[in-house]
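> Curious how this folds, go ahead:
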Amino acid sequence: MNRLIPQRFLPHGLVFVDIEATRGPSQRESITEIGIVEVSEADIREWSTLVRPCPTSISTAS
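Just a heads-up that it's a prediction; the model follows:
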């Protein structure tokens, strides 16, 4: 059996969570995207979703 990660290192798997948020005062800051990567001995699964996309009026600094 070909395994990505030997079971002795991750007997129960491992999950990474990434949360993206807007920048600004804490009263107006909000989560915009959540991403999850699940690593097990057999595979890697990814999931992500937009929670509250940034409005188009926000521009990035040059």
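> Surely Glu51 and Ile31 touch.
Glu isn't right for residue 51; it's Val. Yes: shown here, Val51 and Ile31 form a contact pair, counting by CB atoms under 8 Å, at 5.0 Å. Quick note: C-beta positions are derived from backbone N, CA and C, even for glycine.
> where does this protein have low pLDDT?
For the chain, residues meeting the criterion pLDDT under 70 lie at 1-11, 53-62.
> if we go to 80?
Confidence mapping of the chain against pLDDT under 80 gives the ranges 1-13, 23-29, 41, 52-62.
> any chance you could map the helices in it?
Along the chain, no stretch is classed among the helices by DSSP state H.
> any chance you could map the strands in it?
Using DSSP state E, the strands of the chain run over residues 14-21, 31-39, 44-50.
> pretty sure Glu20 is touching Thr32, no?
Yes: with contact taken as CB under 8 Å, Glu20 and Thr32 are classed as touching, separated by 5.2 Å.
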